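J.: I would like to see how this sequence folds:
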Amino acid sequence: MVAEAERPDRHTGSPEFGDPNARLRFYERHGARALDLPYFQPPIGDGEPVHGMLLLALHVEGSLISTGSEGVDRLPGHGLVADAIDSILGEPAPEGDGPAAARLRGAAAAPAVGLVPLEDYQRVPSSEPDPPATTD
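T.: Numbering: from 1, shown residues only. Have a look, this model is predicted:
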């Protein structure tokens with residue numbers, strides 16, 4: 001079971017959408033982890049994609065989790081995570097995926113996809129480049 005959540009380093013809180021930090025703390029208390037993917041919410045209807053998102057694993061069947069040599073829990077990419085991402089994104093456009101979708105599909109098709117504790121969500125790559133640094 002998965003859910004989308006805004007990255008607190010990319011989205012600010014608002015009365016309309018709530019506080020991304022509080023949302024991650026809520027999910028963390030209930031055992032959710034982030035999939036180590038450069039996720040974005042695909043466009044809905046004629047809308048635009050929403051970048052700066054995390055795809056959270058709310059529940060994972062224990063038999064699907066393996067632990068890598070670095071001690072990180074992970075899921076099978078090809079055949080599980082890749083299929084889920086293909087289902088979320090749908091078929092590529094006739095001219096092909098844009099760069100963000102191609103990058104997401106590629107990451108999901110890796111042999112294994114990490115499960116990142118939400119307190120470490122910043123380790124998860126973003127679907128967009130880092131914002132420009134500000135100078136004083």
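J.: C-alpha from now on. contacts and neighbour counts both.
T.: Noted.
J.: now the strands for this protein?
T.: For the chain, applying DSSP state E gives strands covering 2-6, 33-35, 53-57, 66-67, 73-76, 112-117.
J.: tell me the most buried of these?
T.: strand 33-35 (a mean of 26; mean count of other Cα atoms under 10 Å).
J.: what is that one packed up against?
T.: On a contact count with 3 or more Cα pairs under 8 Å, 6 or more residues apart in numbering; DSSP states H and E, strand 33-35 meets strand 53-57, strand 112-117.
J.: just to revisit the earlier point, any chance of the strands of the chain in a markdown table, plus mean pLDDT?
T.: Listed next are those as a markdown table, based on pLDDT from 0 to 100:
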| stretch | mean pLDDT |
| --- | --- |
| strand 2-6 | 94 |
| strand 33-35 | 97 |
| strand 53-57 | 96 |
| strand 66-67 | 91 |
| strand 73-76 | 93 |
| strand 112-117 | 95 |
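J.: wait, which of those is closest to residue 99?
T.: strand 53-57 (16.0 Å; Cα to Cα).
J.: this protein: helices as residue ranges?
T.: Under the criterion DSSP state H, the chain contains helices at 20-29, 82-89, 99-108.
J.: buried residues, the shortest one. List them.
T.: For helix 82-89, the buried set under the neighbour-count rule, 16 or more other Cα atoms under 10 Å, comprises 82, 84-86, 89.
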